[in-house]
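Enquirer: Predicted model and sequence below, questions to follow.
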Amino acid sequence: MLNLNLIQKEYGFMGDTIFLNVSQVVVPPKRVQDAYRRFMDDYVANFGMDIVPRAWDIVNNARPKLQKLINARDSREIAFVKNTAEGISILANGIKYNEGDNIVISDQEHQSILFPWIAAHERYGVKLKVVKSIDREVDVDGLIAAIDEHTRVLAVSAVQFSTGFRANLKKLGDACHEKGVIFCVDGIQALGRLKIDVQDCHIDYMAAGGNKGLLATLGAGFVYCSDRIVNDIIPCYAGYQSTVSHVSPPSITTEFDSLEWYPHARRFESGNLSYNCIEAISNGVDLVLELGIENIEEHIKILEKHLRSLISDLHLYVVQAKDEENWGGVVCVYYPAERESDVVRILEEHKIVCTMRGGYIRFGLEFYNTIEQMEIVAKALHIIDKLEA
């Protein structure tokens, strides 16, 4: 059961605003806001002295929290990057391709996971096998069927950004593991909201920005890279933070022929990082772990089921996966685009903050949302439903 007192302590400042925009960007809890400000206060108070070693303490403190959240084997399988796209690009550009290799991916994917593989197709000649969705649902069986002896990577989002479809990562991971294919996951729409176990799902590589379910902010995210594949990935960026073979100033480098990379995910951290944003992630994940990811997921499931039951009679098109197990805590509704100003007004009158883009509304559910809020959302949607196209 969720600790409601803790949620009130961290999110009481939201008042009666119904914030349902976590699928785009979260409002960080109070502890994250405080930690973010404190980082800059300490930076200025100490004139930036010793900031790098102190900042790496922040990084090394954050790794085991993410390890616990996703059930990685070792905290060294965690590295920090700027965002999801950078994280996926590290893999797409870092593996060595053989002639005829292919990547399996769905046609539903966000650009952050899709474009790195299109770029790899252009740069290295690797083939893209794009599997068509069925009725807006990712064809999991089709993805597995597309794997052949030349498939290097199968890439998928844990939860689709435009439909809320939750992929069966266990089924996909088992198939990839059996066939020796790298299983790559974009976790940003799920992590911190829904449980992901990288070992149970045989996930080899996962990336996510910190600005959604991890309760942090823009500017930093992380990658998980299994020790099984890490040494096969040569980063496209290099720096003293990512290599064992560096020397400390004022000494200079005398070895010019090769680099000795760290034998774990730190090889992806090529320079100074967004330490303040990593501190935000660290504190955000603390809250997720305190509340319990199982409790959070169960609460989100209850909210989604209740909201969907309340809006089942709408004439508006509501995107909904056929099987409840594929509901990802994201509810998408289409409205007449020409009535956008009226829709904006109705949502504002009900103090609802959500994603709106040209005929499309997306509600991202989180642990701080309530059953009562779902009823207000349903009321607003029924008013929108009565607008004439």
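Expert: Received, thanks.
Enquirer: residues making contact with stretch 26-33?
Expert: With contacts defined as C-beta atoms under 8 Å, 6 or more residues apart in numbering, stretch 26-33 is touched by 9-11, 13-14, 19, 36, 211-217, 280, 283-284, 286-287, 366. From N, CA and C alone the C-beta is placed, and that goes for glycine too.
Enquirer: which of these are buried?
Expert: 10-11, 19, 36, 211-217, 280, 283-284, 286-287, 366 (16 or more other C-beta atoms under 10 Å).
Enquirer: if I look at residue 264, how far off is residue 185?
Expert: 19 Å (C-beta to C-beta, to the nearest Å).
Enquirer: Please say which of those two ends up with more neighbours.
Expert: Between residue 264 and residue 185, counted using other C-beta atoms under 10 Å, the more crowded position is residue 185 (28 against 17).
Enquirer: Each with direction, which strands does the longest strand along the chain pair with?
Expert: Using DSSP state E to define each element, the chain has its longest strand at strand 151-157. In the sheet, strand 151-157 lines up against strand 102-106 (parallel), strand 182-186 (parallel) (DSSP bridges).
Enquirer: Looking at the ones you listed, spot the one closest to residue 272.
Expert: strand 182-186 (25.4 Å; C-beta to C-beta).
Enquirer: Just the residues contacting the closest one, thanks.
Expert: Residues from elsewhere that reach strand 182-186 (C-beta under 8 Å, 6+ apart): 84, 88, 91, 95, 109-110, 112-113, 152-158, 169, 172-173, 176-177, 196, 201-208, 229.
Enquirer: Tell me the buried residues in stretch 31-44?
Expert: 31, 32, 33, 35, 36, 39, 43.
Enquirer: Does the first one lie in a helix or a strand, and which?
Expert: Under the criterion of DSSP states H and E, residue 31 resides in helix 30-45.
Enquirer: check which helix or strand covers the closest residue to residue 116 other than its chain neighbours.
Expert: Excluding its sequence neighbours, the residue lying closest to residue 116 (C-beta to C-beta, 6 or more residues apart in numbering) is residue 92, at 3.9 Å. Using DSSP H and E, residue 92 sits in helix 84-94.
Enquirer: Restrict the lengthiest helix in the chain to CA atoms and write it as CSV.
Expert: The longest helix of the chain (DSSP state H) is helix 51-70. Written as CSV, here are the backbone C-alpha positions of helix 51-70 (Å, rounded to 0.1, in the frame of the first residue of the first chain):
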residue,chain,number,x,y,z
ILE,A,51,33.6,19.8,-7.3
VAL,A,52,34.6,16.9,-9.6
PRO,A,53,35.6,14.4,-6.9
ARG,A,54,32.6,15.3,-4.8
ALA,A,55,30.4,15.0,-7.8
TRP,A,56,31.7,11.5,-8.6
ASP,A,57,30.6,10.6,-5.1
ILE,A,58,27.1,11.6,-6.2
VAL,A,59,27.4,9.4,-9.3
ASN,A,60,28.7,6.4,-7.3
ASN,A,61,25.9,6.9,-4.7
ALA,A,62,23.2,6.8,-7.5
ARG,A,63,24.4,3.7,-9.3
PRO,A,64,23.3,1.1,-6.7
LYS,A,65,19.9,2.7,-6.3
LEU,A,66,19.2,2.2,-10.0
GLN,A,67,20.7,-1.2,-9.8
LYS,A,68,18.2,-2.1,-7.1
LEU,A,69,15.3,-0.5,-9.0
ILE,A,70,15.9,-2.6,-12.2
